[in-house]
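Novice: I'd like to go over a predicted model; first the sequence, then the structure.
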Amino acid sequence: MIVLKNISKSFDSLQVLKDISLQINDAEIVSISGMSGAGKTTLLNIMGTLDKADSGEIIVNGRDITGLSDKELSAFRNKEIGFVFQFHHLLTEFTALENAIMPALICGTNEKEASSKARELFSLLGIKGKEESFPNELSGGEQQRVAIIRALINSPSVVLADEPTGNLDSQNAKALFDLFFVLRDKLRQTFVIVTHAKDLSARCDRELIISDGKILK
């Protein structure tokens, strides 16, 4: 599903990623861990086309995206990649349902179709009945689930999650990881998760450890 070939990235004189090559398979759940500043988020952002590598190739779902223009990357990202961040970034003036369907509306899906799909996901993720609630009326765990529905609304090939449990207590963090496995089994999506939580990382199909800009494991 994802192939990186010889990816390097520097910020000024600091080389953050050093000639990284890896492959992530279809419907695989992979964690990326390492010390702060090791390059985990940078690697995730390059996979998700939010940042560009200085050198190397990126292939996602069979398409080489290395040379795409910014406009082409934006369209590709909206359709093929879902993002879940530590901070859910829900817009407070919109309902949970409205937040969830925004990527679909941007993609050109009509509101009725997008809302119908979102309601199915609300049910699947265990927050049916919260569609018309505003973010400040939801718990932290519920807000993060709305963010996951937003990430899934366009049926992306890949879901990239950057410290998705960082603001959750241990019970909600475990429940969120359980949910990733349910989604993988039901929707056959690939997950790449940056996390400091060693117990959660160990549950993944594979754990990648970054140190000094290179993959150790």
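Specialist: In hand now; what should we look at?

Novice: how distant is stretch 125-142 from the center of its chain?
Specialist: 20 Å (CA atoms, centre = their mean, to the nearest Å).

Novice: as a whole number, average confidence for it?
Specialist: Across stretch 125-142, the average pLDDT comes to 90.

Novice: go on, stretch 199-210?
Specialist: The model assigns stretch 199-210 a mean pLDDT of 88.

Novice: outside of that stretch, which residues touch it?
Specialist: 22, 28-34, 38-40, 43, 165, 173-174, 177, 181, 193, 195, 215-217 (CB atoms under 8 Å, 6 or more residues apart in numbering). The C-beta positions use only the backbone N, C-alpha and C, and glycine is treated the same way.

Novice: from these, which would you call buried?
Specialist: Buried members of the contacts of stretch 199-210, scored by 16 or more other CB atoms under 10 Å, are 22, 28-34, 38-40, 43, 165, 173-174, 177, 193, 195, 215.

Novice: Among these, which lie within strands?
Specialist: L22, I29, V30, S31, I32, S33, G34, I193, I215 (DSSP state E).

Novice: between the residues you listed, which is closest to I65?
Specialist: Lowest distance from I65 to those (CB to CB) belongs to L22, with 15.7 Å.

Novice: Which pLDDT does the model give the residue nearest to the closest one when sequence neighbours are not counted?
Specialist: Of all residues beyond its chain neighbours, the one nearest L22 is L4 (5.2 Å), with distances taken as CB to CB, 6 or more residues apart in numbering. Note for L4: predicted pLDDT of 93.

Novice: Check the one 10 residues further on too.
Specialist: At L14, the predicted lDDT confidence score is 88.

Novice: swap in Q86?
Specialist: pLDDT, read off for Q86, is 68.

Novice: again, but for L168
Specialist: For L168, pLDDT reads 69.

Novice: What of the one 10 residues further on?
Specialist: Predicted confidence (pLDDT) at D178: the value is 83.

Novice: What segments of the protein are strands?
Specialist: 2-11, 14-24, 29-34, 55-60, 63-64, 81-85, 158-162, 190-194, 206-211, 214-215.

Novice: With distance to K117 added, can I get those strands in a markdown table?
Specialist: Listed next are the strands of the chain as a markdown table, based on distance: least, CB to CB, whole Å:
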| stretch | distance to K117 |
| --- | --- |
| strand 2-11 | 25 |
| strand 14-24 | 26 |
| strand 29-34 | 23 |
| strand 55-60 | 22 |
| strand 63-64 | 24 |
| strand 81-85 | 13 |
| strand 158-162 | 16 |
| strand 190-194 | 19 |
| strand 206-211 | 30 |
| strand 214-215 | 36 |
